[in-house]
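[1] Sequence first, then the predicted structure, then my questions.
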Amino acid sequence: MQQILIYGVGNPYRRDDRIGLEIADILNEKINKENITIRSGSIDGMAMLDEIMGFDKVIFVDSIKTRDGTPGDIYRITVEQLQENRDLSSSHGIDFLTAVRLGRKFGYTMPEQVLVYAIEIEDNESYKEECTEKVRSSIPEIVQSIMNEIDRI
Amino acid sequence: MYKEIKIDPITRLEGHGKIEIFLDDKGDVAHACLQIPELRGYERFAVGRLAEEMPRITETICGVCPTTHHTCSGKTLDDLYGVQPPPAAQKIREFVYNAFMFEDHNLHFYFLGGPDFVVGPSAPKAERNVVGVIGKVGVEIGKKVIDIRKRSRNIIQTMGGRVVHPVHCLPGGVSKAMTKEMQQEFKKTAEDAVEFAKFSLQVFDDIVLKNKTYVDLIVGDVYKHNTYYMGLVDDNNKVNFYDGWIRVVDPEGKEFAKFKVHDYLKHISEGVEEWTYIKFPYLKKIGWKGFVDGKDSGVYRVAPLGRLNAADGMATPLAQQYYEKYLETLGGKPVHFTLATHWARLIEAMQAAEAMVQLINDPQILDPNVRNMDFKVPKQGIGVIEAPRGTLFHHYETDENGRLTKANLIVATVNNSAAINMSIEKAARGLIKGGKVDDGILNMVEMAFRAYDPCFACATHTVDGRAPLQLDIIDADGHIVRTLKNK
């Protein structure tokens, strides 16, 4: 049976940035299957490598801010679609794609498929432990999208 | 007349690098500066909250080094509530913290800062990263790094419930005692950590120190600043990551100040520049003279370079041997070469590993008494710790119920912010003449910047966790001469 990881990413104190964590909490209550693990946290690329090793499929849930998006929009992104950054610029972290590539290079059991469910947010700069209304109202749709995704596996 | 160069920060939650380079009328660099986001948001957010939440709250400041803030916050709460953790708790905290330092330093050398040397500063950008390092040292070595890192992080997970946001430090102690089974497992990790630290120093020797070009780069003038240095030391003036005296030495290596954390505001103040909201910590007794080197400037540096200069030596035997070779090679103390930070980092990783061995073999670490709850009425607590990238201060004031009325955090990188500006400017000056710019500048600036491992990519929890850097260079007439990006 395929082992699936759903990982909610976010900072719980930065308003809409917590959306990934909230979604993970809701899914944790709704889903009770042996082959599905649900976790959450604020982690960088290398820590992500630790988390995803050994799973067949991983779904990340995170916030995103785009130029023209509307808060509450949902994006389903495959890891291949993410722009690769071979030119690592961070002096303090590793990008996720490089972490995945490293894992494969090292021969670790890496997921065959990695998806990102990214939710367009409004505010990730204020300090508050709740999402804005626009983002919060999109939660049911996001949860349903992810549950549909799992059903398709 | 200066023309301001605007950098367009690429918006990210936290941790975007914004560099401004000012050219004068001749097209030479007049001034350069870097802006680092402050943590004022967290400090304001904390007001009104119960102080005991702070280890949990502040560990979300940084997704790469949460253990640092968590542990410093725990120490601050000890002070706030007037409790001393029992000896076993103290040892557990130090053990976990040294495991974290070891892991973080190795991660930085192999995957973040090390590429500048292991692959080489003139290597193509596409190779000057961790993928290039693995190509150079081999997949097996890369796997060893991942393995020892994972096992070190497992220590944090075991003692704190999880790696990412551990619940480990509590006021007056820790959340969990150590069992014999844990001790047996951790002993093996600690011993392997020492062996890996030796290996890493050998890698540095083989790839960097035996290469004259690299050594010349390290000791060259472009990356040299004669500043004061600050770091934590024990009672014997040896490097200590967890606690001790805050010691400052002058640019000639003489002790300038030595104090306990409660006196930090007598020694450290913050410089203000009208062109930025960021403040720059400096030594109060010397004064803020701007972004200049020398004995008359209050600029000081922290992190591995700073710590190894501020101390009289390392606290563990193998690390001390490597420290002596480091000084002999670089011409003695204090070492003013910014790029020597990479070497200093590996020496510190050795000390961290040796400290892990010492602590895990101490029978007292198994004592089940790990919490002292004889709390006093709170009012003020101040804590200090050495983060991998420098001295970190947490300072809380509360009402009698322990609800925060004020919080002040001086994070490691902010201590270095003046020095980082100076390093960027010096690199820029070396390369931009008469308005002519080439791609070399970004490499050189990145190297200066990366050596400090600036922690402003905090809480990079988005999937693409990079901290992009962009420079716009504008001539005296306000025209953009060149835009350089590192992505």
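    Nice, thanks for sending it over. Because the structure is a prediction, the values reported are computed rather than measured. Residues are numbered from 1 along each chain as shown, chains lettered A, B, ... in the order given.
[2] and residue B:104, how far is that from residue B:153?
    10 Å (C-beta to C-beta, to the nearest Å). In this view, the C-beta of every residue, glycine as well, is placed from N, C-alpha and C.
[3] between the two, which one's more packed in?
    residue B:104 (26 against 23; other C-beta atoms under 10 Å in any protein chain shown).
[4] got a list of what the residue nearest to that one when sequence neighbours are not counted touches?
    Of all residues not flanking residue B:104 in the chain, residue B:388 sits nearest, at 4.4 Å (C-beta to C-beta, 6 or more residues apart in numbering or on different chains). Residues in contact with residue B:388 (C-beta atoms under 8 Å, 6 or more residues apart in numbering or on different chains) are B:65, B:68, B:101, B:104, B:105, B:108, B:303, B:304, B:345, B:412, B:453.
[5] For chain A, state which of those is nearest.
    Distance to chain A, by C-beta to the nearest C-beta, is smallest for residue B:453 among the contacts of residue B:388, at 5.9 Å.
[6] thinking again about what came up before, look up how far chain A lies from the residue nearest to residue B:104.
    Distance, residue B:388 to chain A, by C-beta to the nearest C-beta, to the nearest Å: 10 Å.
[7] any idea of the pLDDT on that residue?
    At residue B:388, the model reports a pLDDT of 94.
[8] Repeat that for residue A:43.
    74.
[9] That one belongs to a helix, doesn't it?
    No - looking at residue A:43 with DSSP: H, G, I helix; E, B strand; the rest coil, it is coil, so not inside a helix.
[10] unless I'm mixing things up, it is touching residue B:165, no?
    No - Residue A:43 is not in contact with residue B:165 according to C-beta atoms under 8 Å; the separation is 9.3 Å.
[11] which of those two has more neighbours?
    Legend: neighbour count by other C-beta under 10 Å for residue A:43 and residue B:165, higher for residue A:43 (26 against 22).
[12] List the residues that contact the residue of the stretch 151-300 of chain B found nearest chain A.
    Going by C-beta to the nearest C-beta, chain A is nearest to residue B:164 of the stretch 151-300 of chain B, at 3.9 Å. Counting by C-beta under 8 Å, 6+ apart, residue B:164 makes contact with A:41, A:42, A:43, A:47, B:63, B:66.
[13] Of these, which is the nearest to residue B:319?
    Taking C-beta to C-beta as the measure, residue B:66 is the one of the contacts of residue B:164 closest to residue B:319, at 25.2 Å.
[14] Could you verify my assumption that the closest one touches residue B:165?
    Yes - shown here, residue B:66 and residue B:165 form a contact pair, counting by C-beta under 8 Å, at 6.1 Å.
[15] from the contacts of residue B:388, which ones fall inside helices?
    Using DSSP state H, B:68, B:101, B:104, B:105, B:303, B:304, B:345, B:412 are the members of the contacts of residue B:388 that sit in helices.
[16] Could you dump those residues into JSON lines with pLDDT added?
    Formatted as JSON lines, the ones in helices among the contacts of residue B:388 follow (pLDDT from 0 to 100):
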{"residue": "B:68", "pLDDT": "93"}
{"residue": "B:101", "pLDDT": "96"}
{"residue": "B:104", "pLDDT": "91"}
{"residue": "B:105", "pLDDT": "93"}
{"residue": "B:303", "pLDDT": "95"}
{"residue": "B:304", "pLDDT": "97"}
{"residue": "B:345", "pLDDT": "96"}
{"residue": "B:412", "pLDDT": "85"}
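[17] Where does the prediction get shaky in the stretch 201-350 of chain B?
    The model of the stretch 201-350 of chain B has pLDDT under 70 over residues B:274-278.
[18] For whichever residue of it sits closest to chain A, list the residues it contacts.
    Residue nearest to chain A within the stretch 201-350 of chain B (C-beta to the nearest C-beta): residue B:341, separated by 11.9 Å. Contacts of residue B:341 were listed using C-beta under 8 Å, 6+ apart, and they are B:113, B:303, B:304, B:305, B:451, B:452, B:453.
[19] The residues you listed: which two are farthest apart?
    B:113 and B:305 (12.0 Å).
[20] low pLDDT regions in chain A?
    A:44-45, A:82-96.
[21] List the beta-bridge partners for the residue minimising distance to the centre of it.
    The centroid of chain A falls nearest to residue A:60 when counting by C-alpha atoms, centre = their mean (2.2 Å). Using DSSP bridges, the beta-bridge partners of residue A:60 come out as residue A:7, residue A:116.
[22] didn't it look like it was pressed against residue A:116?
    Yes - between residue A:60 and residue A:116 a contact is recorded at 4.7 Å, counting by C-beta under 8 Å.
[23] Other residues contacting stretch B:231-245?
    Identification of contacts with stretch B:231-245 by C-beta under 8 Å, 6+ apart yields B:71, B:75, B:93-94, B:97-98, B:101, B:246-247, B:258-260, B:302, B:306-315, B:319, B:348, B:351-352, B:355, B:384-386, B:391.
[24] repeat that for 6 Å
    Stretch B:231-245 is contacted by residues B:94, B:97, B:101, B:247, B:258, B:306-307, B:310-315, B:386 when judged by C-beta atoms under 6 Å, 6 or more residues apart in numbering or on different chains.
[25] and these, which of them are in helices?
    Counting by DSSP H, the contacts of stretch B:231-245 contribute B:94, B:97, B:101, B:306, B:307, B:310 to helices.
[26] Residue A:34: which of the residues you listed is nearest?
    Of these, the one sitting nearest to residue A:34 (C-beta to C-beta) turns out to be residue B:97, at 36.6 Å.
[27] Name the helix or strand for the residue of the stretch 201-350 of chain B closest to chain A, please.
    Using DSSP states H and E, residue B:341 falls within helix B:341-360.
[28] Could you list the buried residues of that helix?
    B:341-357, B:359-360 (16 or more other C-beta atoms under 10 Å in any protein chain shown).
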